[in-house]
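# coordinates only, no sequence provided:
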């Protein structure tokens, strides 16, 4: 479905607000995930992944605007609509920034900063970190699209859709695949801002895009093949 190119000022304001709210959901989910990892030891990563998935569930349920979710629309978006992607991303990182600022002044900050420092150190300290970020982000992007599209293709809209939204997110969060918006939350909490961080984020954004468009492109190819088969009959 093509999204109309022009927006009124009111529609643009709503779009930005939904993007910021989406970032807030990611920030809250990230907060819960980090606390679970810090307090529950070996079970913390699994519980944290489940808690993080609730943020994406809220985004999908209330039709908020998440950059990695919008990526799935790229094949049918049209060049003139691509401006929405950077605007959405900026809204998202503003949202996670708001949450990072708020939790920084709560008793949770010590645990959050401690776990964020571990995550950031592992990401930036990895051998061939740029390639690692790109590959990891592709896997994350593919999971996000699968989650977003599950509502559309689920045979029933109740439990099936709920599980379809949450399970792919639990998988990517548990595996630690790179989500470009969630990563900014960790960078905010640790106060890390270097050229390496910028480079890491760029690779994550590109990887999320590549991973996110795979399923839509396969779907478009399938539809094209069906149309050709129909015409040839």
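Received it, and whenever you're ready, just let me know what you need. Please read all numbers here as calculations on a predicted model, not as lab measurements.
# so who does the closest residue to residue 188 other than its chain neighbours touch?
Spatial nearest neighbour of residue 188, excluding adjacent residues (Cβ to Cβ, 6 or more residues apart in numbering): residue 100 at 3.8 Å. No exception for glycine: its C-beta is placed from N, CA and C like everyone else's. Counting by Cβ atoms under 8 Å, 6 or more residues apart in numbering, residue 100 makes contact with 27, 185, 188-189.
# likewise for residue 201?
Going by Cβ under 8 Å, 6+ apart, residue 201 touches 180, 183-184, 187.
# that one is in what secondary structure piece?
Per DSSP states H and E, residue 201 falls inside helix 195-232.
# ditto for residue 17
Going by DSSP H and E, residue 17 is in helix 9-39.
# in that helix, what's buried?
By neighbour count on 16 or more other Cβ atoms under 10 Å, the buried set for helix 9-39 is 15-16, 18-38.
# which ones are touching residue 99?
Contacts of residue 99 by Cβ under 8 Å, 6+ apart are 23-24, 26-28, 30-31, 185.
# quick one: low-confidence parts of the protein?
Within the chain, the segments meeting pLDDT under 70 span 1-6, 153-161, 228-233.
# do that again at 90, thanks
Within the chain, the stretches with pLDDT under 90 are 1-9, 41-42, 60-62, 75-81, 126-127, 148-165, 192, 219-233.
# just to revisit the earlier point, nearest to residue 204, of the contacts of residue 100?
For the contacts of residue 100, the minimum distance to residue 204 (Cβ to Cβ) is 12.5 Å, reached by residue 185.
# which residues sit against the very next helix or strand once past the helix holding residue 17?
Under the assignment DSSP H and E, the closest C-terminal helix or strand after helix 9-39 is helix 44-61. Applying Cβ under 8 Å, 6+ apart, the contact partners of helix 44-61 are 22, 25-30, 32-38, 40, 64, 66, 69, 144, 147-148, 151, 162, 165-167, 169-171, 173-174, 182.
# could you give the number of residues near residue 200?
Residues within reach of residue 200, counting by other Cβ atoms under 10 Å, total 26.
# nope, residue 91 is what I meant
23.
# so it: helix, strand or coil?
helix (DSSP: H, G, I helix; E, B strand; the rest coil).
# who's in contact with the spatially most central residue of the chain?
The centroid of the chain falls nearest to residue 68 when counting by Cα atoms, centre = their mean (4.5 Å). Counting by Cβ under 8 Å, 6+ apart, residue 68 makes contact with 140-141, 144, 179-181, 208, 212.
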